[in-house]
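Novice: this one's structure only:
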């Protein structure tokens, strides 16, 4: 998914062409990329808020 997110427009177009508009694969490609970015940003925010819990050594 991370590899596909670098060029997600191409991944969406490719899955739509290969599997059709009504396929689950095309839907998963679109929804997966749209969900991945907010989840990754949320994880970064959690890591930044909890960085004081861990020692630097």
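Specialist: Here it is on my side, so go on. Since the model is a prediction, treat every value here as computed from it, not as a measurement.
Novice: okay, helices next: where are they in this protein?
Specialist: 2-5, 8-19, 24-49 (DSSP state H).
Novice: ok, the residue positioned nearest the centre of the chain to residue 55 distance?
Specialist: Geometric centre of the chain, nearest residue: residue 36, 2.5 Å, by Cα atoms, centre = their mean. Distance, residue 36 to residue 55, by Cβ to Cβ, to the nearest Å: 31 Å. C-beta coordinates here come from the backbone N, C-alpha and C atoms, glycine included.
Novice: now swap in residue 33 and tell me
Specialist: 36 Å.
Novice: out of the helices of the chain, deepest packed?
Specialist: Stretch with highest mean neighbour count among those: helix 8-19 (a mean of 14; mean count of other Cβ atoms under 10 Å).
Novice: measure how it sits relative to helix 24-49, angle-wise.
Specialist: 150 degrees (axes from the mean of the first three to the mean of the last three Cα atoms, to 10 degrees).
Novice: distance between helix 8-19 and the chain's centre?
Specialist: Distance of helix 8-19 from the chain centroid (Cα atoms, centre = their mean, to the nearest Å) equals 15 Å.
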